[in-house]
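here is my input; please provide its structure:
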Amino acid sequence: CTIISIHPSSIMNRFVLTFLALIAATAKTTDAFSPSQTQAQKTRGGEISRRDAFLATAGILVAAPLVLVAPSSATAATLDLSQYKDGPNGLKYLVTLEGISGSTTKPQRGQKVKTSYSLYLNGFPDDADSNSKQVDSSKGLFGDKPFEFNVGVSQVIKGWDLSLLDMVEGEARRLVVPSDLGYGDKGAGGKIPGGATLFFEVQLTELGKMPEMTDSQKQWLEEHPL
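Predicted coordinates for the structure are as follows:
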């Protein structure tokens with residue numbers, strides 16, 4: 001891969017523009033849906049700030065070094081995905097851990113879920129001929145900090161919504177997410193270039209209670225199908 005030096009002022013300008021865009025997008029998708037949003041924001045930043053970190057982690061929010069990583073030549077087309085199944089809209093997945101024994105319950109749109117994940121570019125670490133690079137993870141030096149959000153209501157990338165709605169509690173998958181189900185042509189956070197295929201290891205660790213939907217929430221779901 002190629003390391004491209006970027007002037008600090010350019011990074012800051014991109015940070016401001018990206019941050020404002022994320023706030024605007026979040027307001028459109030979650031304000032009408034989540035009545036408990038204000039309270040959630042008071043606890044560890046709530047879903048919105050955690051989502052922003054998920055979108056922008058390790059690139060925008062880290063002061064140094066001020067570099068961007070250009071994508072390598074390894075893509076989904078050049079990796080061996082023969083063991084993967086086809087999901088919707090070009091998504092591919094491989095079940096790496098079965099869910100809780102006997103469980104057939106999958107989350108519903110709007111339901112709170114907890115997940116553990118790692119995100120890579122250019123393939124998974126054990127893929128042959130890949131130049132895999134981890135750019136985000138819920139797993140840190142002091143353990144795993146599960147990522148909690150309402151599934152199926154555009155609080156995360158579409159590739160995640162589509163995948164998690166098909167999983168049961170405890171199940172883990174590897175996901176290969178095309179860019180149009182991820183961050184599109186613009187990329188995100190400085191370390192996810194435009195058009196990038198995303199490689200996730202994700203586990204649905206916990207299903208929360210299904211909330212009682214208000215009329216406005218039900219209307220939002222009808223007006224915003226996946």
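
tell me the SS of Gln134?
strand (DSSP: H, G, I helix; E, B strand; the rest coil).

spatially nearest residue to it, not counting backbone neighbours?
Tyr120 (5.3 Å; C-beta to C-beta, 6 or more residues apart in numbering). Using the backbone N, CA and C atoms, a C-beta is placed for each residue, glycine as well.

what bridges to the one you found?
For Tyr120, the beta-bridge partners are Gln134, Phe199 (DSSP bridges).

what about it, how many residues nearby?
By other C-beta atoms under 10 Å, the residues close to Tyr120 number 21.

next: Leu207.
21.

hmm, it is touching Ile100, no?
No: with contacts defined as C-beta atoms under 8 Å, Leu207 does not count as touching Ile100, sitting 9.8 Å away.

what touches both of the two?
Counting by C-beta atoms under 8 Å, 6 or more residues apart in numbering, the contacts common to Leu207 and Ile100 are Glu169.

where does this structure dip in pLDDT?
Along the chain, segments meeting pLDDT under 70 span 1-78.

helices along that one, start to end?
For the chain, helices defined by DSSP state H occupy the ranges 8-30, 37-41, 46-56, 158-164, 215-223.

hey, C-alpha coordinates of the last one in PDB?
Think helix 215-223. Only the C-alpha atoms of helix 215-223 are listed here, as PDB (Å, rounded to 0.1, in the frame of the first residue of the first chain):
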ATOM      1  CA  ASP A 215     -47.300   5.400  15.600                       C
ATOM      2  CA  SER A 216     -44.500   7.700  14.400                       C
ATOM      3  CA  GLN A 217     -42.000   4.900  14.700                       C
ATOM      4  CA  LYS A 218     -44.200   2.500  12.700                       C
ATOM      5  CA  GLN A 219     -44.700   5.200  10.100                       C
ATOM      6  CA  TRP A 220     -40.900   5.800   9.800                       C
ATOM      7  CA  LEU A 221     -40.300   2.000   9.300                       C
ATOM      8  CA  GLU A 222     -42.900   1.900   6.500                       C
ATOM      9  CA  GLU A 223     -41.400   4.900   4.800                       C
END
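
give me the distance between Ser163 and Leu204.
The gap separating Ser163 from Leu204 is 9 Å, by C-beta to C-beta, to the nearest Å.

these two: which has the busier surroundings?
More crowded of Ser163 and Leu204, by other C-beta under 10 Å: Leu204, with 27 against 23.

which residues does that one bridge with?
Note on Leu204: beta-bridge partners by DSSP bridges are Thr115.

go ahead and confirm it touches Ile100.
No: using C-beta under 8 Å, Leu204 is not in contact with Ile100, being 9.9 Å away.

mind listing the shared neighbours of those two?
Val168, Glu169, Gly170.

filter those residues to the buried ones?
Buried by 16 or more other C-beta atoms under 10 Å: Val168, Glu169, Gly170, out of the shared contacts of Leu204 and Ile100.
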